[in-house]
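Visitor: next comes the sequence, and after it the predicted model I'd like to discuss.
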Amino acid sequence: MLENISIHKILFLDVETVPVAPTFSELSQEFQLLWAEKTRWQRSEGQTPDEFYGLKAGVMAEFAKVICVSVGYIYEKNKTSFFRIKSFYGDDEQLLLNELKTLLEDKFATKSHYLCAHNGKEFDYPFLCRRMIVNGVTLPKILEIAGKKPWEVRHLDTMELWKFGDYKHYTSIKLLAALFDIPTPKDDIDGSQVAKVYWQQQDLERIRVYCQKDTLTVAQILLKYMGKPILTEEQIEVA
């Protein structure tokens with residue numbers, strides 16, 4: 001499959017999300033009840049909705065928001081590949097989603113374009129779609145999958161590709177980066193710290209850097225899958 005896809009037609013992305021409220025008690029009473037109901041069977045015995053909120057609210061689109069989407073693409077200049085990366089981030093979720101939509105509609109709207117994310121089919125793509133709908137943002141064509149045949153959906157997923165049909169196999173982006181000897185910063189935050197950095201430290205720039213790192217790593221992993229050399233630091237451009 002990958003041999004029929006141009007690396008220059010792929011938009012790599014990573015999404016960072018946080019709970020819509022910093023603590024369970026700051027949710028409205030209605031949404032506290034809805035959270036308790038939605039997570040009733042997911043919580044371990046004796047675990048309260050409050051405790052579970054701190055662990056899982058950030059990955060449930062009904063109770064979380066997008067604060068950063070980093071995207072990147074590979075292009076050629078003087079027979080050398082470069083990776084250009086840009087982030088849409090901020091407190092205004094509707095604004096950043098509209099900006100992302102504009103990019104997708106203007107630059108990545110043909111049938112030859114693809115999106116690529118790690119665990120994207122289970123998280124990034126559906127999360128973006130749900131939050132766009134919540135914010136009144138119409139879905140760009142490349143995210144719209146309703147009524148499409150499987151082969152018409154232009155979504156690549158580096159985790160799914162690594163499964164090779166094994167439905168139970170989960171592999172983190174961090175493990176694949178280590179496996180393929182892809183250099184990544186060692187002094188960064190991880191996904192479990194994003195909500196704290198956002199709500200307590202209010203450090204969106206730090207989250208942006210972390211998100212861009214993962215977007216680049218997704219691109220490097222797909223290059224490895226394709227048997228191509230990975231990008232060097234000199235080939236990375238930040239918009």
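Guide: Thanks, I have it.
Visitor: assign a three-state SS to Glu51, would you?
Guide: In three-state terms, and counting by DSSP: H, G, I helix; E, B strand; the rest coil, Glu51 is helix.
Visitor: quick one, domains of the chain?
Guide: Listed domain ranges for the chain are 2-15+70-238, 21-62 (source: automatic domain parsing).
Visitor: tell me which of these is the most buried.
Guide: Among the domains of the chain, domain 2-15+70-238 has the highest mean neighbour count (mean count of other CB atoms under 10 Å), at a mean of 16. Backbone N, C-alpha and C define where each C-beta goes, glycine included.
Visitor: quick one: mean pLDDT for it?
Guide: Over the span of domain 2-15+70-238, the pLDDT mean works out to 94.
Visitor: can you pull out the strands in this protein?
Guide: Using DSSP state E, the strands of the chain run over residues 10-19, 64-77, 80-89, 114-117, 155-157, 236-238.
Visitor: contacts for the fourth one next, please.
Guide: When you say that, I think you mean strand 114-117. Contacts to strand 114-117, defined as CB atoms under 8 Å, 6 or more residues apart in numbering, come from residues 5, 9-15, 108, 123-125, 142-143, 154-158, 218-219, 222.
Visitor: still on that earlier bit, just put the strands of the chain in a markdown table and tack on distance to Lys38.
Guide: Below are the strands of the chain laid out as a markdown table (distance: least, CB to CB, whole Å):
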| stretch | distance to Lys38 |
| --- | --- |
| strand 10-19 | 13 |
| strand 64-77 | 12 |
| strand 80-89 | 27 |
| strand 114-117 | 25 |
| strand 155-157 | 25 |
| strand 236-238 | 38 |
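Visitor: quick one: which of these is nearest Glu51?
Guide: Closest approach to Glu51 among the strands of the chain is made by strand 10-19 (13.3 Å; CB to CB).
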